[in-house]
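Colleague: Whatever this is, show me its structure:
(3 chains)
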Amino acid sequence: MTFTPWRSLGKKTSFTEHSLAETLDGGQSFRWNQTDTGSLLGVWARNCVELRLHSGRLEWRSPTQAPVSKEELERYLGLDGLHDQACDALPWRSDPLLATAMQRFPGLRLLRQPFGETLFGFLLSAVKSIPQIKEGCERAAASFGEEIVPGVWAMPDWEDLVDISEEELRACKFGYRAKYVWGTARFLSERPGYLAQAEAASYEDARAMLMQLPGVGGKVADCALLFGAGKWEAFPVDTWIAKVMNASYGLAGMSLDQVAHFGRVHFGSHAGLAQQFLFSAARRDAD
DNA sequence: CCGCAGCCTCCCCT
DNA sequence: AAGGGGAGGCTGC
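Modeller: Residues are numbered from 1 along each chain as shown, chains lettered A, B, ... in the order given. Have a look, this model is predicted:
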């Protein structure tokens, strides 16, 4: 496929090679891959974009057949003033663990992905590793999504999935998550506007709405809200975060829900951003 | 309200 | 070399 020329995204970026890769391919999103030239190629909604860091600037290009606007890209990457403000407002001054994690991933930020496809990815995430979730998303896109440019597929919308049988979903190797996807597609088809309503609702209301969906518990709901709806007070607690929090804040014996509540209280209205730094640091330590 | 097994599939380990 | 344990959870008992 042919691409537009590389374009620069404004002034110098706070991304490093490290934090760019961690932001796009570190578990928030499941549709970015490193290319053999060191750039990153990703898909969201009907958009396909290649990103690279060049002379301290963030550069991008998209297929000429499927151009992406600069505004859409900036929105997706969260390139506005809110990120720096949110970082500064985190309690790193009084929390050495957080301060260390933030120093280790300068430039790491939260994406603003399409809500529906973020939910889809995390619906597949139970007891799976990131590469496995990515494969599942890729199979779903190639099987049920629209081909944007040759060889690149958009994720299917939830409406596109309502006629897909559980057997067809199992053919994508979703395993027992196939019935979650099937049930969620059915649930949403019977309630037009449900996801849009959740996206517009307060964090607490949105979380309760998502948890009505089959296969969506507190952790999956928080991930969808944090990475796909801009609700930064969401504090997803997975096994990594639970382990770090238990060890570092004396939370041994707490349930995951209690740890999530502690996180929201301790880190404040941008708790999810703190979670992302801690998550990346914890995962890195394990390597 | 809490704790626990089971669930698809793949991977890593012995 | 075959088989058990566990992986970025949720559900139902």
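Colleague: Quick one: residues contacting the residue lying closest to residue A:3 once chain neighbours are set aside.
Modeller: Nearest residue to residue A:3, sequence neighbours excluded (C-beta to C-beta, 6 or more residues apart in numbering): residue A:61, at 4.5 Å. Any C-beta I mention is one placed from the backbone N, CA and C, and that applies to glycine too. Counting by C-beta atoms under 8 Å, 6 or more residues apart in numbering, residue A:61 touches A:3-7, A:49-50.
Colleague: Specify the beta-bridge partners of residue A:61.
Modeller: Counting by DSSP bridges, residue A:61 is bridged to residue A:50.
Colleague: From DNA strand B, how far out is it?
Modeller: 31 Å (C-beta to the nearest atom of the strand, to the nearest Å).
Colleague: With residue A:6 instead?
Modeller: 34 Å.
Colleague: same check, this time on residue A:178
Modeller: 8 Å.
Colleague: Need the phi and psi values for residue A:7.
Modeller: The phi and psi values for residue A:7, taken as degrees, to the nearest 10, are phi -130, psi 150.
Colleague: In terms of pLDDT, where does it sit?
Modeller: Predicted confidence (pLDDT) for residue A:7: 97.
Colleague: what's the answer for the one 4 residues further on, then?
Modeller: Looking at residue A:11, its pLDDT is 77.
Colleague: SS state for it?
Modeller: Secondary structure, DSSP: H, G, I helix; E, B strand; the rest coil: residue A:11 is coil.
Colleague: Not counting residues beside it along the chain, what's closest to it?
Modeller: Looking at residue A:11 with C-beta to C-beta, 6+ apart, the closest residue is residue A:57, at 7.9 Å.
Colleague: How about the residues of the stretch 1-150 of chain A by DNA strand B?
Modeller: A:127, A:132 (C-beta under 7 Å from any atom of the strand).
Colleague: What about the residue in the stretch 1-150 of chain A that DNA strand C sits nearest to, how many residues nearby?
Modeller: When scored by C-beta to the nearest atom of the strand, the stretch 1-150 of chain A has residue A:27 as its residue closest to DNA strand C, at 2.2 Å. Using other C-beta atoms under 10 Å, residue A:27 is surrounded by 23 other residues.
Colleague: three-state assignment of it?
Modeller: Per three-state DSSP, residue A:27 ends up coil.
Colleague: Please list which of the contacts of residue A:61 are also close to DNA strand C.
Modeller: Within the contacts of residue A:61, nothing lies near DNA strand C by C-beta under 7 Å from any atom of the strand.
Colleague: Among those residues, name the buried ones.
Modeller: A:3, A:49-50 (16 or more other C-beta atoms under 10 Å).
Colleague: if we can go back for a sec, touching, the residue of the stretch 1-150 of chain A closest to DNA strand C and residue A:279? I think so.
Modeller: Yes. The pair residue A:27 and residue A:279 passes the contact test of C-beta atoms under 8 Å, sitting 7.1 Å apart.
Colleague: sorry, back to before: so in terms of bridging, what pairs with the residue nearest to residue A:11?
Modeller: residue A:54.
Colleague: Let me see the confidence value for the closest residue to DNA strand B within the stretch 101-250 of chain A.
Modeller: With C-beta to the nearest atom of the strand as the measure, residue A:175 is the residue of the stretch 101-250 of chain A nearest to DNA strand B, at 2.5 Å. Residue A:175 is assigned a predicted lDDT (pLDDT) of 96.
Colleague: With residue A:287 instead?
Modeller: pLDDT, read off for residue A:287, is 66.
Colleague: One more: residue A:81?
Modeller: 87.
Colleague: Assign residue A:204 to helix, strand or coil.
Modeller: Going by three-state DSSP: residue A:204 is helix.
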